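# Build the 3D model from these lines:
(2 chains)
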2 protein chains.
Amino acid sequence: MNRAVSIKKLLGKNFDALLVSSTKNIIYLTGFNGFSNEEREAYLLLTKKNNYIFTDGRYSEVASRINGFKLIEISSGKNFKEVLGEIITKEKIQKLAIDEDNLKISEVIQIKKVVKICPDESLIEKLRMIKDEEEINNIKKACNLGDEVFKYILSEIKLGVTEKEIAKKIEIFILKNDAEISFHPIVAFGQNSSSPHHVASSRKLKKNETVLLDFGVKSEGNYCSDMTRTIFFGKATDEQKRIYKTVLNSQQEAINFLKSSIINHQSVKGSEPDKIAREYIKSKGFPTIPHSLGHGIGLEVHEKPSLSPRRSEDMLQTGMVFSIEPGIYLPGFGGIRIEDLVVFHKNGLEIITRANRDLIEL
Amino acid sequence: MNRAVSIKKLLGKNFDALLVSSTKNIIYLTGFNGFSNEEREAYLLLTKKNNYIFTDGRYSEVASRINGFKLIEISSGKNFKEVLGEIITKEKIQKLAIDEDNLKISEVIQIKKVVKICPDESLIEKLRMIKDEEEINNIKKACNLGDEVFKYILSEIKLGVTEKEIAKKIEIFILKNDAEISFHPIVAFGQNSSSPHHVASSRKLKKNETVLLDFGVKSEGNYCSDMTRTIFFGKATDEQKRIYKTVLNSQQEAINFLKSSIINHQSVKGSEPDKIAREYIKSKGFPTIPHSLGHGIGLEVHEKPSLSPRRSEDMLQTGMVFSIEPGIYLPGFGGIRIEDLVVFHKNGLEIITRANRDLIEL
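Numbers count the residues shown, from 1 in each chain, chains lettered A, B, ... in the order given. A predicted model of the protein is given here:
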């Protein structure tokens, strides 16, 4: 409820009520994680006087038990626009803030019929960027299990195993440890690893191939981890070793830059560490990274801030948790990516994925 | 590609290009299932002259191999609005149809800067409602595995097991059988079953309790199944037996109605079987079903048509696959739901979930 209270302080300036629709924002404000990510099953409405949760009969019993929110049931007899309209009238709401990056245009068309709308400027996403101690601990728990996954899966990498089999083993291991995957594991052998988001296939592992493993865990508190390691099944060639070292060094360069910025109390934009790693890789004669250097993580695997050349006006701040994941991808040859999560503390940068980053030859 | 071709026949009337954004529609048109459901990673654009796929560097290698689509890469140097704008100009596109139920308002604001937009009237969703033989076979495969899950999980229902443990066992069983869950299993013991979409908890199973199991499988072809059974751990009371029988009979009433409509070549709206089951349950003195009687299923667990009182102007037709899932829910007491999938054939109604529907006492 404190989170809802701190958001309500923002009401009244440009808008007098806030409609929350993203499932992750609903978890953030209520703690309830039962709504689908793929379908619209609920909304929250924060007004000056009240907090409401709108949902249908499938969830009304559980929603009625959520602290600090009044349940408004949507039914086949009364749709969302109608029940929202009643509250808008009763509470004399003039201007409703909506989540521009979440509401569908068809929903906006309906809502506009009952109230004037304006964007919420990602209010909740901005709060979510800065993690409190409990949130950081939840992410660390997920990372710890991620480290265990990596240790376990190394023992399962054998001649002839398929990418899909490895991905499945990762999923089952995570489930058996009372957690969930935060995304479908990326498992890529040999040439397949040149595609940064390769979909695990039936390709079998051969001798002297790279194995790229990118996976994440969602802990009990719904907080995610994310990590990537690229290992060598057999012997790495000199060229592979050079690529690996370049990726590892570029990551370390970005980490060192962040560490020294923190020590020197210098403010840092998300685009700055991205530039450092990217330029390092290019300076060694390799192509630029075809994705961002990193992304925030929390209730979502990818959230703010962004560490990318263009979208990264975000200032990096105390309490942020994000990935640093440079990669070199050479079509027809393969790719190498190393990804770790870090916490931006007041007095330093903490790496919270602890699995070995040295070159591994199995 | 045939699907893209048949959609392109619709261009030129009200709009001269179609922007496809939903991940499921992208799978439907390209067969590629690697894009995230939770983030926007790709768009398709069908114009009179060309088919384009827009995605970023993480997917460009694989997207370049998708048959019949030209890859347009979105990068930090060139965002979607810019690359779209170039094609709009080059191909002189006047009016772009968009998916109203999928595009976010923030995306629409960007797209409107380069072209006039209009809703696509769910063109692809309407095509997807009618399944071809291959799609029906894929759904049947998922249902068959679902039947196996039910058989297996009955052997795991024991005194003291928790809802979460059962849910986890279902997930692992499905993974081990080379498939995925189509949604997080709903497992509810005793009173918890009165909440139709209960989230599996740490509650332990006691003697003489109901066990509600609602789960689905996603087969290799990305087609979903969905089924619900409610069983009794111990002996059912007379009242529980009466409720069970009422639910089962209401389902059978809806099935019989559909069967006779097909035989008599009578057209049927989705709301009609809903009404029959709903009225039957109410006539026995129980509360109305707090959800729809059923929903279409395919690439999504919930898709068109809808079998509900209000939203169901959809006419039921040959080739549709949907659920029939009446339930009675009594807060403080518990709930009973029975859900099966059926195929609407030209000459009959086929039930494709085959697990026993008789009252089971374990």
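
# C-alpha from now on. contacts and neighbour counts both.
Will do.

# and A:L349, what is it in contact with?
A:I255, A:L258, A:K259, A:I262, A:V342, A:V343 (C-alpha atoms under 8 Å, 6 or more residues apart in numbering or on different chains).

# of all the residues in chain A, which ones are close to chain B?
A:34, A:37-38, A:56-62, A:75-77, A:100-108, A:168, A:172, A:175-176, A:195-199, A:290-291, A:308-311, A:331 (C-alpha under 8 Å from any C-alpha of the partner chain).

# repeat that with 7 Å
A:34, A:57-59, A:61-62, A:76, A:100-106, A:168, A:172, A:175, A:195-197, A:199, A:290-291, A:309-310 (C-alpha under 7 Å from any C-alpha of the partner chain).

# Whichever residue of the stretch 251-362 of chain A sits closest to chain B: what's it in contact with?
Of the stretch 251-362 of chain A, the residue with the smallest distance to chain B, taken as C-alpha to the nearest C-alpha, is A:P290 at 4.8 Å. A:P290 sits next to B:G57, B:R58 when contact means C-alpha atoms under 7 Å, 6 or more residues apart in numbering or on different chains.

# So which bits of stretch A:256-274 are buried?
Judged by neighbour count using 16 or more other C-alpha atoms under 10 Å in any protein chain shown, the buried positions of stretch A:256-274 are A:F257, A:L258, A:K259, A:I262, A:V268, A:K269, A:G270, A:S271, A:E272, A:P273, A:D274.

# Next: stretch A:143-158.
A:C143, A:N144, A:L145, A:G146, A:D147, A:E148, A:V149, A:F150, A:I157.

# and if you look at stretch A:286-294?
Quick answer for stretch A:286-294 (16+ other C-alpha under 10 Å): A:F286, A:T288, A:I289, A:P290, A:H291, A:S292, A:L293, A:G294.

# just checking, which of these belong to strands?
A:G294 (DSSP state E).

# closest to A:D226 among the buried residues of stretch A:286-294?
A:G294 (10.8 Å; C-alpha to C-alpha).

# can you pull the contacts of the closest one?
A:S306, A:L307, A:S308, A:F322, A:S323, A:I324, A:E325.

# now those residues as TSV including neighbour count, pLDDT and secondary structure?
As requested, the contacts of A:G294 are exported to TSV (neighbours: other C-alpha atoms under 10 Å in any protein chain shown; pLDDT from 0 to 100; DSSP: H, G, I helix; E, B strand; the rest coil):
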residue	neighbour count	pLDDT	secondary structure
A:S306	26	93	strand
A:L307	29	95	strand
A:S308	23	93	coil
A:F322	29	98	strand
A:S323	27	98	strand
A:I324	27	98	strand
A:E325	27	98	coil
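
# and of the residues you listed, the nearest to A:T228?
A:E325 (7.7 Å).

# Give the full set of residues in contact with the residue nearest to the closest one when sequence neighbours are not counted.
In space, and not counting its chain neighbours, A:E325 is closest to A:E339: 4.0 Å by C-alpha to C-alpha, 6 or more residues apart in numbering or on different chains. If you count contacts by C-alpha under 7 Å, 6+ apart, A:E339 has them with A:M227, A:T228, A:R229, A:S323, A:I324, A:E325, A:P326.

# again, only using 8 Å
Per C-alpha under 8 Å, 6+ apart, neighbours of A:E339: A:D226, A:M227, A:T228, A:R229, A:S323, A:I324, A:E325, A:P326.

# so what's it bridging to?
A:T228 (DSSP bridges).

# Let me know the pLDDT of it.
We have a pLDDT of 98 for A:E339.

# Could you do A:I7 as well?
Looking at A:I7, its pLDDT reads 83.

# and if you look at A:I72?
Value for A:I72, per-residue pLDDT: 97.

# That one contacts A:N51, doesn't it?
No: the criterion here is C-alpha atoms under 8 Å, and A:I72 misses it with A:N51 at 10.3 Å.

# Can you tell me, leaving aside adjacent residues, what's nearest to A:A355?
A:D147 (5.3 Å).

# Let me know whether my guess that that neighbour is in a helix holds.
Yes: judged by DSSP: H, G, I helix; E, B strand; the rest coil, A:D147 forms part of a helix.

# Tell me the spacing between it and B:E163.
28 Å (C-alpha to C-alpha, to the nearest Å).

# same thing with A:S106?
37 Å.

# Neighbour count: those two, which is higher?
Between A:S106 and B:E163, B:E163 has the larger neighbour count (other C-alpha atoms under 10 Å in any protein chain shown), namely 25 against 16.

# residue contacts, that one?
Contacts of B:E163 (C-alpha under 8 Å, 6+ apart): B:V187, B:A188, B:F189, B:A200, B:S201, B:S202, B:R203, B:K204, B:L205.

# how many other residues sit next to the closest residue to A:I93 other than its chain neighbours?
Spatially, and ignoring its direct neighbours in sequence, A:I93 is nearest to A:D16 (6.2 Å; C-alpha to C-alpha, 6+ apart). A:D16 is flanked by 19 other residues according to other C-alpha under 10 Å.

# any idea of the pLDDT on A:D16?
For A:D16, pLDDT reads 92.

# what's A:V20 in contact with, if anything?
A:I26, A:Y43, A:L44, A:L45, A:L46, A:I98, A:D99.

# Would you write out the PyMOL command that picks the buried residues out of those?
In PyMOL, a selection of the buried entries from these looks like this (16+ other C-alpha under 10 Å):
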select buried, chain A and resi 26+43+44+45+46+98+99
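
# Out of the contacts of A:V20, name the ones that lie in strands.
Residues of those located in strands (DSSP E): A:Y43, A:L44, A:L45, A:L46, A:I98.

# For beta bridges, what are the partners of the fourth one?
Listed by DSSP bridges, the beta-bridge partners for A:L46 are A:L18, A:N51.

# For the stretch 201-350 of chain A, give me the ranges with low pLDDT.
A:311-312 (pLDDT under 70).

# and chain A, what are its domains?
Chain A breaks down by automatic domain parsing into domains covering A:2-126, A:130-351.

# Ranking these by mean neighbour count, which comes first?
Each of the domains of chain A was scored by mean neighbour count; the highest is domain A:130-351, a mean of 20, by mean count of other C-alpha atoms under 10 Å in any protein chain shown.

# Now do the end-to-end distance for that one.
17 Å.

# likewise stretch A:121-136?
First-to-last residue span, stretch A:121-136, C-alpha to C-alpha: 25 Å.

# Okay then, goodbye and thanks.
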